[in-house]
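K.L.:
Show me the folded form of this:
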Amino acid sequence: MSARQQVLLVDDDETIRTHLGPFLERSGFEVRTAVDGQDALEKIANEQPDLVVLDVMMPRIDGRETLRRIRTQDGWLPVILLTQVGESFERAAALEEGADDYLNKPFDPQELLARIRAVLRRTIAGQAPLSAADTLRSGPLRIERTSRRIHLDGTELQATPKAFSLLEYLMSHPDEVFSRDRLLQSVWGFDAIVTTRAVDHRVAELRRILGDDAGDPEFIETVQGLGYRFRGRVERA
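P.N.:
As a prediction, this is how the structure comes out:
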């Protein structure tokens, strides 16, 4: 029987540590806790966890500074940030700083568990996550994140900014199913006044420009009753 994967839960809120730690233990993980960033860095050095759940707002060393130090000292240890701000620029900053995923407080523990399992499934030891790659490729499809360009079979395609952001998010999390609400939260943000139909419209736009058949998709699949999934194999280009 293989050893359980270890999660380091970092939060200055004792209530979260007290209740969330045992929940993750019951879900099959070995859990260690830390009360702030300094404590977390010391435990990472000594215990080498498989993944860190990291609160942003903490004393001594906050979550973002802790994340920057992790990336400097420990390469690509998977990190999920817990934030209390829902604006899109905050989430973009979290990913640019090297977070593998993020979750807004308050959150459902089951949602955090799903994120942890998804991040661990797609993690390759010592490699940056897809969310940190400048260029992503899936077969004939390539996106360049810095220049915000999409190429298919070498031809550049034109997409609206939100359609590009949606494709970028789905390609960064291949083979994961996302509900419309989750995509709305992650791509549009809490500062956007739109409905889940906006997600469907942008998926339709992407399918149109990619020539992707909804009935037999190469890239974006509709999972009935659940949401959407990028089904192609994604690589760093």
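K.L.:
what's in contact with stretch 16-32?
P.N.:
Contacts of stretch 16-32 from elsewhere in the structure, counted by Cβ atoms under 8 Å, 6 or more residues apart in numbering, are 3-9, 11, 33, 35, 43, 47, 49, 55, 109, 112-113, 116. To be clear about C-beta, it is placed using only N, CA and C from the backbone, and glycine gets the same treatment.
K.L.:
Counting only strands, which of these make the cut?
P.N.:
Those of the contacts of stretch 16-32 mapping onto strands are 6-9, 33, 55, per DSSP state E.
K.L.:
could you pull out the strands for this protein?
P.N.:
Using DSSP E, strands in the chain cover 6-10, 30-34, 51-55, 79-83, 101-104, 135-138, 141-144, 149-152, 155-157, 220-223, 227-230, 235-236.
K.L.:
Return the member of these having the minimum mean pLDDT.
P.N.:
Lowest mean pLDDT of the strands of the chain: strand 101-104, a mean of 82.
K.L.:
So which elements touch that one?
P.N.:
strand 79-83, helix 88-96, helix 109-122 (3 or more Cβ pairs under 8 Å, 6 or more residues apart in numbering; DSSP states H and E).
K.L.:
Give me the sheet partners of the first one and which way each runs.
P.N.:
Translated: strand 79-83. Strand pairing for strand 79-83, using DSSP bridges, gives strand 51-55 (parallel), strand 101-104 (parallel).
K.L.:
low pLDDT regions in the protein?
P.N.:
1-2, 74-75, 84-97, 124-128, 189-193 (pLDDT under 70).
K.L.:
Which of the strands of the chain has the highest mean neighbour count?
P.N.:
Among those, strand 51-55 has the highest mean neighbour count (mean count of other Cβ atoms under 10 Å), at a mean of 26.
K.L.:
Run through who's touching that one.
P.N.:
Applying Cβ under 8 Å, 6+ apart, the external contacts of strand 51-55 come out as 5-13, 16, 37, 40, 44, 63, 66-67, 70, 77-82, 112, 116, 119-120, 123.
K.L.:
where's D36 relative to A204, distance?
P.N.:
D36 sits 46 Å away from A204, going by Cβ to Cβ, to the nearest Å.
K.L.:
who has more neighbours, these two?
P.N.:
Each of D36 and A204 has its neighbours counted (other Cβ atoms under 10 Å); D36 has more, 18 against 12.
K.L.:
Near the nearest residue to P140 once chain neighbours are set aside, how many other residues are there?
P.N.:
Once flanking residues are discounted, P140 sits nearest to D153: 4.6 Å by Cβ to Cβ, 6 or more residues apart in numbering. Residues contacting D153 under the criterion other Cβ under 10 Å number 10.
K.L.:
Surely D153 and R137 touch.
P.N.:
No. The criterion here is Cβ atoms under 8 Å, and D153 misses it with R137 at 11.9 Å.
K.L.:
I am finished for the moment; much appreciated.
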